[in-house]
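Participant: With the sequence up front, the predicted model follows.
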Amino acid sequence: MHIPLVDLKANYHSIKKEINQAIQDVLESSSFIMGPYVKKFEEDFAKFCQVKHGIGCANGTAALHLALLAAGIKKDEEVLTVPNTFIATTECISYVGGKIKFVDVSPQTALLDIDLLEKAITKKTKALIAVYLYGQMPDMKRIREIAVDHDLFVIEDAAQAHAAEWNGHQPGFYGDIACFSFFPAKNLGCYGDGGAVITNYDELAEKVRLLVNHGRTTKYEHRIEGYNYRLDALQAAILDVKLSHLSNWTEQRQEHARFYDKNLPAGVGKIIEAKNAKHVYYMYVIRVQQRDALIAYLKQQGIECGIHYPIPLHLQPAYTTYGFRTGQFPVSEQLASEIVSIPMYPELTQKQQQYVIDHIKKFIQR
Ligand SMILES: Cc1ncc(COP(=O)(O)O)c(C=O)c1O
């Protein structure tokens, strides 16, 4: 048996007719840049997220960059975030000249440890990027309260958390701006690169709309210098089809997670789903001592795994100039040495899951 970490082919085949038709429609319309397909997806996605404004963009990294620009972060101003995330979260801080400031995470959820947050805030701290790693939101109500007390701009990195919730509210509710990636493997993924920014604030939406398309007010009038960060019409049309399946796919991911929760052997550590969270399981992550040996063993059995992420950002070569030390963010470091992402996608069958579970059991009992 071969079980991939994510099965994009199975996903395409399950909606092939609709997707092919959507692509055909865009080709026939020749409306490739902005236009009706982008507008429709932006409206549908904003409605799905229950926010006022949705703005498509080129990818999740561009979404974060746009959010930092809209926040008005200036040189040497501090932006707080976690070390156990994809580098795009912090790259965007550097793009605007800001200073990265890390706060460690909770060992239970692998999400921002809110008890450490206030201690990390200084006079120079202007914003916070909350990362919804693996598809789960931290206690955003508490984070929002702390942010309001300290006048921090809140950006939600929801690249892995389409349709996730905290206390019944999706990304976009607690933050000033939320950012999404539609990288193919994401819970809502296109067939190339794509991203979106959502917000309830009119002035932020207006700023992002200008920045995403060369600062244009009309075809050749530019109020400001912006970027070519537009979402492709082809990707927008694909995303609109896939958006109509997202709730169903999310339920399937959650069912698979329940099955893993129930049947994985004792001795396998888990990332906990918090009581008030709706976890959408972009990744199902376990923790084991002999992580690399487990991955190698599962590979031999035809089971693909991943590590999200093996090197915490404070220890990345890209950030040596900051002078971060090993041991500075111990929970992130410990997680990085133990975590394994095991197969998770809507089309995963129970037979496949059982095969994964049986081989993890065999490895643990060796
Ligand atoms: C947490 C997080 N933030 C940002 C990004 C960047 O998204 P993209 O790859 O679409 O630029 C990703 C994508 O992998 C991500 O996982």
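Facilitator: The structure has been received and is ready for your questions.

Participant: can you list the residues of the stretch 251-366 of the chain near the ligand?
Facilitator: Counting by Cβ under 6 Å from any ligand atom, no position of the stretch 251-366 of the chain is adjacent to the ligand. For glycine as for every other residue, the C-beta is placed from the backbone atoms N, C-alpha and C.

Participant: Look through this structure and tell me its longest helix.
Facilitator: helix 246-263 (DSSP state H).

Participant: In that helix, which of the residues would be classed as buried?
Facilitator: For helix 246-263, burial by neighbour count (16 or more other Cβ atoms under 10 Å) applies to 246, 249-250, 252-254, 256-257, 259-260.

Participant: Check stretch 90-102 too.
Facilitator: Neighbour-count burial for stretch 90-102 flags 90-94, 96, 98-102 (criterion: 16+ other Cβ under 10 Å).

Participant: what about the helix or strand where residue 180 lies, near the ligand?
Facilitator: Assigned by DSSP states H and E, residue 180 falls within strand 177-181. Yes. Applying Cβ under 6 Å from any ligand atom, one finds strand 177-181 touching the ligand at residue 181.

Participant: among the buried residues of stretch 90-102, which two are most distant?
Facilitator: The largest distance within those, taken as Cβ to Cβ, falls between 96 and 102 and amounts to 17.4 Å.

Participant: now the strands for the stretch 151-300 of the chain?
Facilitator: 153-157, 165-166, 177-181, 195-199, 216-218, 221-222, 269-270, 277-278, 284-287 (DSSP state E, counting those that start in this stretch).

Participant: could I get these as JSON lines with distance to residue 231?
Facilitator: Listed next are the strands of the stretch 151-300 of the chain as JSON lines, based on distance: least, Cβ to Cβ, whole Å:
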{"stretch": "strand 153-157", "distance to residue 231": "18"}
{"stretch": "strand 165-166", "distance to residue 231": "24"}
{"stretch": "strand 177-181", "distance to residue 231": "11"}
{"stretch": "strand 195-199", "distance to residue 231": "7"}
{"stretch": "strand 216-218", "distance to residue 231": "15"}
{"stretch": "strand 221-222", "distance to residue 231": "19"}
{"stretch": "strand 269-270", "distance to residue 231": "36"}
{"stretch": "strand 277-278", "distance to residue 231": "26"}
{"stretch": "strand 284-287", "distance to residue 231": "29"}
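
Participant: related to what we said a few turns ago, give me the subset of the buried residues of stretch 90-102 touching the ligand.
Facilitator: Okay, of the buried residues of stretch 90-102, nothing touches the ligand (Cβ under 6 Å from any ligand atom).

Participant: one step back: please list the residues outside the longest helix of the chain that contact it.
Facilitator: 48, 135, 162-163, 187-188, 270, 273, 279-281, 284, 342, 344-348, 350, 353-354, 357 (Cβ atoms under 8 Å, 6 or more residues apart in numbering).

Participant: Using PDB, write down the CA coordinates of it.
Facilitator: The C-alpha trace of helix 246-263 is given here as PDB (Å, rounded to 0.1, in the frame of the first residue of the first chain):
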ATOM      1  CA  LEU A 246     -14.700  23.000   2.000                       C
ATOM      2  CA  SER A 247     -17.200  22.400   4.900                       C
ATOM      3  CA  ASN A 248     -17.700  18.800   3.800                       C
ATOM      4  CA  TRP A 249     -13.900  18.200   3.500                       C
ATOM      5  CA  THR A 250     -13.400  19.800   6.900                       C
ATOM      6  CA  GLU A 251     -15.800  17.300   8.400                       C
ATOM      7  CA  GLN A 252     -14.000  14.500   6.800                       C
ATOM      8  CA  ARG A 253     -10.700  15.700   8.200                       C
ATOM      9  CA  GLN A 254     -12.200  15.900  11.600                       C
ATOM     10  CA  GLU A 255     -13.700  12.400  11.400                       C
ATOM     11  CA  HIS A 256     -10.200  11.000  10.400                       C
ATOM     12  CA  ALA A 257      -8.700  12.900  13.400                       C
ATOM     13  CA  ARG A 258     -11.200  11.300  15.700                       C
ATOM     14  CA  PHE A 259     -10.300   7.900  14.300                       C
ATOM     15  CA  TYR A 260      -6.600   8.500  14.900                       C
ATOM     16  CA  ASP A 261      -7.300   9.900  18.400                       C
ATOM     17  CA  LYS A 262      -9.200   6.800  19.300                       C
ATOM     18  CA  ASN A 263      -6.900   4.200  17.800                       C
END
